[in-house]
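Trainee: quick one: sequence and predicted model below, then my questions.
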Protein chains: 2
Amino acid sequence: MLDHYKLKIDAAIAALDFPEQPADLYDPIRYILKLGGKRIRPMLVLLAADVFDDDGAERAIHAALAVELFHNFTLVHDDIMDEAPLRRGMQTVHQKWNQSVAILSGDKLMVRAYDELVKIDPKKLPVMLRVFNQVAKEVCEGQQWDMQYENERMVTEEEYLSMIRLKTAVLLGGALKMGAISADASEHDAQHLYAFGISLGIAFQLQDDMLDVFGEAEKVGKQNGGDILANKKTILLVLANQLGDEADREELGRLLRMDGLKDPGIAAEKISGVRALYDRLNVHDVAKKRMEEFVANAYRSLDHLQVDQKRLTALRRLAQSLLTRTN
Amino acid sequence: MLDHYKLKIDAAIAALDFPEQPADLYDPIRYILKLGGKRIRPMLVLLAADVFDDDGAERAIHAALAVELFHNFTLVHDDIMDEAPLRRGMQTVHQKWNQSVAILSGDKLMVRAYDELVKIDPKKLPVMLRVFNQVAKEVCEGQQWDMQYENERMVTEEEYLSMIRLKTAVLLGGALKMGAISADASEHDAQHLYAFGISLGIAFQLQDDMLDVFGEAEKVGKQNGGDILANKKTILLVLANQLGDEADREELGRLLRMDGLKDPGIAAEKISGVRALYDRLNVHDVAKKRMEEFVANAYRSLDHLQVDQKRLTALRRLAQSLLTRTN
């Protein structure tokens, strides 16, 4: 059922036509788009459209491509900012080419996203563009908060949730809303689908945070504790700081100041130390409860939709597959 | 006459409202927009609109802002790629903040440009967006060619002209076309205004190349010969290579291999050597002739417009002021 949507997206992406030249502008774009991925965001566009219209997915394909192209633009630029060497096990664009190439081909990817929007029904273009721009703006803000928080010793749970909402969740919500608009859904239904995407996106990110520390490393495809080593703000860190007493916070501060990036011995000590603190404070269970609240909120949003609930089967299935992954 | 348009643009830019937070996203945007500049591109939008409609400029303000915001986005990102420390005598964004901030605030500027387009008459949005995207795409391509050519020993005159057409001229042409569309000009007139902008933009860049070597340094605001030191491909270099014989080309090659970036003595020797070659081959006069051909083409495009030629006075005046500058 979901495969059908995935195949549709993959085919549409494969059919995107880019010029051969200049090679250093278009080769990186071909490269990042071929790296694949789960294509969750464009699938959400199509699934949302099919809720309201049997031919919805057909008509929503350009909006779906716009969302996926935009997402890939953010990947290319975020990888530069995060100095990430790898993406899906392959070299990142700035690593394989260079930084200027990554900046510019990222820019071009964003322009290409807007090119897809031009192809939608002109009557829907203004509202679609408005939703898309709002999402794009918020994603930029989220990335900026994320970078800013890296330099702060600690953030509150509220700040953290607000950050991941912008950085991750609004693109999922926006994708669903664009699908809904494309299929002439009511404002009421479009809003509830958006809310579903927001809750789903936050739950997804909280799960991601938990998998980094408690996931099965071989399935996650990377060593456990990468976030801990990078002093990344995660729901686990935020909750540990919140749940611990003065002594715990001091211990946490001491662990965070350890530089495990160059020394594997220190790295192991730092990760096991933080993990022990997480275990003692029962952080995983609290984080899981938080995640489950967002999952429940997500499904509640779906219940509000004024459509035959049978039409939501595929969407529920995608949400379920996202939230029960082990990697 | 032109001041009126400049003031209008400056006021509209000053009135743009950006959130306070996150500060490292929006402060750089406020900063680059306040650096000022001649605002040529948005003025072209307004001037073009006023050719066809007495209230043209009024209605075209959002298109003009979109063009200026896009232009500033390219400045921020190009400065990173060129590792430029200064822009209009002030620190560049990546220098004043850091590179990640410059990448992200540039991205946000581009999104903000599209936000202005959303505000135009919905009936005109699809065609306007198409023109804008085409320009944005070509500007990215031009920047990529420019970077690629930096690593090539020599490019042909044709390659060079094609590069500056993309990098510089299409945004001027696109600005004029967007103004024309905004004021319901005929397709015929919009095309000729676009052609005017292309010729004007190329002439402008050729002049820029000449001013770097032959301009009055104190008026240009920088030392003569910066392009020579950077081995930048310019019309002068391309013509010298084309007009010289085998021995001249060898001499030119030897001069280009001199690294004058760190040693002021070598720098002076390199600049005076290249300049002597330019003088001997009469490169300045040939370049000036090329420029004059593009200027003539530009004015010929205006002659084709099916409007009262009196309505073109302001546009001609702007072109004239651009092409007779000494800095």
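Mentor: Structure's in. What do you need?
Trainee: can you give me the helices for the stretch 51-200 of chain A?
Mentor: Applying DSSP state H, counting those that start in this stretch to the stretch 51-200 of chain A gives helices spanning A:56-59, A:61-81, A:93-96, A:99-118, A:125-150, A:157-164, A:170-182, A:187-214.
Trainee: list the buried ones in the fifth one?
Mentor: Just to be clear, that refers to helix A:125-150. Neighbour counts over helix A:125-150 (16 or more other Cβ atoms under 10 Å in any protein chain shown) mark A:125-129, A:131-149 as buried. Placement of C-beta: from N, CA and C, glycine included.
Trainee: circling back: as TSV, the helices of the stretch 51-200 of chain A with mean pLDDT and distance to chain B would be great.
Mentor: What follows is those, written out as TSV (pLDDT from 0 to 100; distance: least, Cβ to the nearest Cβ, whole Å):
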stretch	mean pLDDT	distance to chain B
helix A:56-59	96	16
helix A:61-81	98	4
helix A:93-96	98	10
helix A:99-118	98	4
helix A:125-150	96	4
helix A:157-164	98	10
helix A:170-182	98	13
helix A:187-214	97	17
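Trainee: which one of these is the most hemmed in?
Mentor: Mean neighbours per residue, mean count of other Cβ atoms under 10 Å in any protein chain shown, is largest over the helices of the stretch 51-200 of chain A for helix A:170-182, with a mean of 29.
Trainee: that one vs helix A:187-214, what angle?
Mentor: Orientation check (axes from the mean of the first three to the mean of the last three Cα atoms, to 10 degrees): helix A:170-182 against helix A:187-214 gives 150 degrees.
Trainee: remind me what helix A:170-182 packs against, helices and strands.
Mentor: Judged by 3 or more Cβ pairs under 8 Å, 6 or more residues apart in numbering or on different chains; DSSP states H and E, the packing partners of helix A:170-182 are helix A:40-52, helix A:56-59, helix A:61-81, helix A:125-150, helix A:187-214.
Trainee: hmm, 7 Å instead?
Mentor: With contacts taken as 3 or more Cβ pairs under 7 Å, 6 or more residues apart in numbering or on different chains; DSSP states H and E, helix A:170-182 sits against helix A:40-52, helix A:61-81, helix A:125-150, helix A:187-214.
Trainee: check the offset of stretch A:136-150 from the chain's centre.
Mentor: Centroid separation for stretch A:136-150 versus its chain: 13 Å, with Cα atoms, centre = their mean, to the nearest Å.
Trainee: no wait, stretch A:39-47
Mentor: Between the centre of stretch A:39-47 and the centre of its chain there are 12 Å (Cα atoms, centre = their mean).
Trainee: of the helices of the stretch 51-200 of chain A, which is nearest A:P42?
Mentor: Closest to A:P42 of the helices of the stretch 51-200 of chain A, according to Cβ to Cβ: helix A:61-81, at 3.7 Å.
Trainee: mind saving the C-alpha coords of the closest one as CSV?
Mentor: Provided in CSV are the C-alpha atoms of helix A:61-81 (Å, rounded to 0.1, in the frame of the first residue of the first chain):
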residue,chain,number,x,y,z
ILE,A,61,3.0,15.2,-7.5
HIS,A,62,4.5,18.6,-8.2
ALA,A,63,3.9,19.8,-4.6
ALA,A,64,5.4,16.5,-3.4
LEU,A,65,8.5,17.1,-5.5
ALA,A,66,8.8,20.6,-4.3
VAL,A,67,8.8,19.4,-0.7
GLU,A,68,11.4,16.7,-1.4
LEU,A,69,13.7,19.1,-3.4
PHE,A,70,13.4,21.6,-0.5
HIS,A,71,14.3,18.8,2.0
ASN,A,72,17.3,17.9,0.0
PHE,A,73,18.4,21.5,-0.2
THR,A,74,18.3,21.6,3.6
LEU,A,75,20.4,18.4,3.8
VAL,A,76,23.1,19.8,1.6
HIS,A,77,23.4,23.1,3.5
ASP,A,78,22.9,21.6,7.0
ASP,A,79,25.7,19.1,6.2
ILE,A,80,28.1,22.0,5.5
MET,A,81,27.1,23.8,8.7
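Trainee: what about A:A183, distance to chain B?
Mentor: Taking Cβ to the nearest Cβ, to the nearest Å as the measure, A:A183 and chain B are separated by 20 Å.
Trainee: that residue and A:L46 touch, don't they?
Mentor: No - judged on Cβ atoms under 7 Å, A:A183 makes no contact with A:L46 at a distance of 9.8 Å.
Trainee: the two: who's more crowded?
Mentor: Per other Cβ atoms under 10 Å in any protein chain shown, whichever of A:A183 and A:L46 has more neighbours is A:L46, with 28 against 25.
Trainee: quick check: closest non-adjacent residue to the more buried one.
Mentor: Spatially, and ignoring its direct neighbours in sequence, A:L46 is nearest to A:A57 (3.9 Å; Cβ to Cβ, 6 or more residues apart in numbering or on different chains).
Trainee: list the beta-bridge partners for A:L86.
Mentor: A:L86 has these beta-bridge partners by DSSP bridges: A:Q91.
Trainee: quick one: it and A:K96 touch, right?
Mentor: No - A:L86 is beyond contact range of A:K96, at 10.3 Å (criterion: Cβ under 7 Å).
Trainee: which stretches of the stretch 201-327 of chain A aren't confidently modelled?
Mentor: Scanning the stretch 201-327 of chain A for pLDDT under 70 picks out A:217-223, A:326-327.
Trainee: quick one: the helices in it, in order.
Mentor: Under DSSP H, counting those that start in this stretch, the stretch 201-327 of chain A gives helices at A:217-220, A:226-229, A:235-243, A:246-257, A:264-280, A:283-303, A:313-323.
Trainee: quick check: which of the ones you listed is buried the most?
Mentor: Of all the helices of the stretch 201-327 of chain A, helix A:235-243 has the most neighbours on average by mean count of other Cβ under 10 Å, namely a mean of 22.
Trainee: and the angle for that one with helix A:187-214?
Mentor: Using the same axes, to 10 degrees: helix A:235-243 against helix A:187-214 is 80 degrees.
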